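Q: The sequence isn't on hand, but the structure is:
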Ligand SMILES: N[C@@H](CCC(=O)N[C@@H](CS)C(=O)NCC(=O)O)C(=O)O
């Protein structure tokens, strides 16, 4: 059985990382059994989670993993046009390389987000074998590192209000692109849905209240899509 290494269930979702949820989504969408296991980013092939172990083949990076799963098991993108592929690529970059940094900055750099994250993250560190008395120190060291990363990337330089504004614009674009379609590219599920649903699920259902979640919840098509994906692929999830 394929092993997917992530951080462990949190926020009532299979994982707090949208990249891990994305891989799990694709596996659910193609109905290939897998186990979600807590991993250690420092031991991961590329120093980040997720990575998978498929009978001894280790593979890192959610997009490379999905390319592998498409070739090895089932390709949900058969028959899509070059334009649809371009649209999917653009949307994936928008979520993974832009909206993702909104999430990271809000959770790790902004105090109100970190207060929520801190409690859950303590559980993740405990599971990773960090002794209780070291957890606050390890947690704030990681926070400092993440703040450096989001400052270097650029998102961390904006005010909380500007970051919300960025997210609202991205969500407006996503909602516009989805329109009233069942799946992102129409009537059939495609690999891009694994990404779109992962990001929406984390925004709509994780306990980060505020303008970003409110805005996502104000878009009936995003809410409907999120509910439909959960109902279709994660019916057995709590
Ligand atoms: N491009 C990678 C991004 C994965 C990623 O950024 N993972 C983050 C969690 S969301 C991570 O492992 N961070 C731990 C670290 O950098 O030490 C993918 O698609 O898998």
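A: Good, I have the coordinates. Treat the numbers as computed from the prediction; the structure is a model and nothing was measured.
Q: List the contacts of the helix or strand bottoming out on mean pLDDT in the chain.
A: When the helices and strands of the chain are scored by mean pLDDT, DSSP states H and E, helix 111-127 comes last with a mean of 89. Contact with helix 111-127 is made by 7-8, 10-11, 16, 38, 106-108, 132, 135, 138-139, 142-143, 207-208, 210, as judged by CB atoms under 8 Å, 6 or more residues apart in numbering. Every C-beta, even on glycine, is put in place using the N, C-alpha and C of the backbone.
Q: Any residue of that helix touching the ligand?
A: No: using CB under 6 Å from any ligand atom, we find that helix 111-127 stays clear of the ligand, coming within 11.0 Å at best.
Q: Check which residues of that helix are buried.
A: 113, 114, 116, 117, 118, 120, 121, 122, 124, 125 (16 or more other CB atoms under 10 Å).
Q: before we move on, the earlier item: just the buried residues of the contacts of helix 111-127.
A: 7, 8, 10, 11, 16, 106, 107, 108, 135, 139, 143, 208.
Q: In JSON lines: those residues, plus secondary structure.
A: Shown next, in JSON lines, are those (DSSP: H, G, I helix; E, B strand; the rest coil):
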{"residue": "7", "secondary structure": "coil"}
{"residue": "8", "secondary structure": "coil"}
{"residue": "10", "secondary structure": "strand"}
{"residue": "11", "secondary structure": "coil"}
{"residue": "16", "secondary structure": "coil"}
{"residue": "106", "secondary structure": "helix"}
{"residue": "107", "secondary structure": "helix"}
{"residue": "108", "secondary structure": "helix"}
{"residue": "135", "secondary structure": "helix"}
{"residue": "139", "secondary structure": "helix"}
{"residue": "143", "secondary structure": "helix"}
{"residue": "208", "secondary structure": "coil"}
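Q: Run through the residues of the protein sitting next to the ligand.
A: Selection of the chain residues close to the ligand by CB under 6 Å from any ligand atom yields 17, 19, 41, 47, 48, 49, 50, 61, 62, 63.
Q: Which one (most neighbours) among those?
A: Counting neighbours by other CB atoms under 10 Å, residue 62 comes out on top of the residues of the chain next to the ligand with 29 neighbours.
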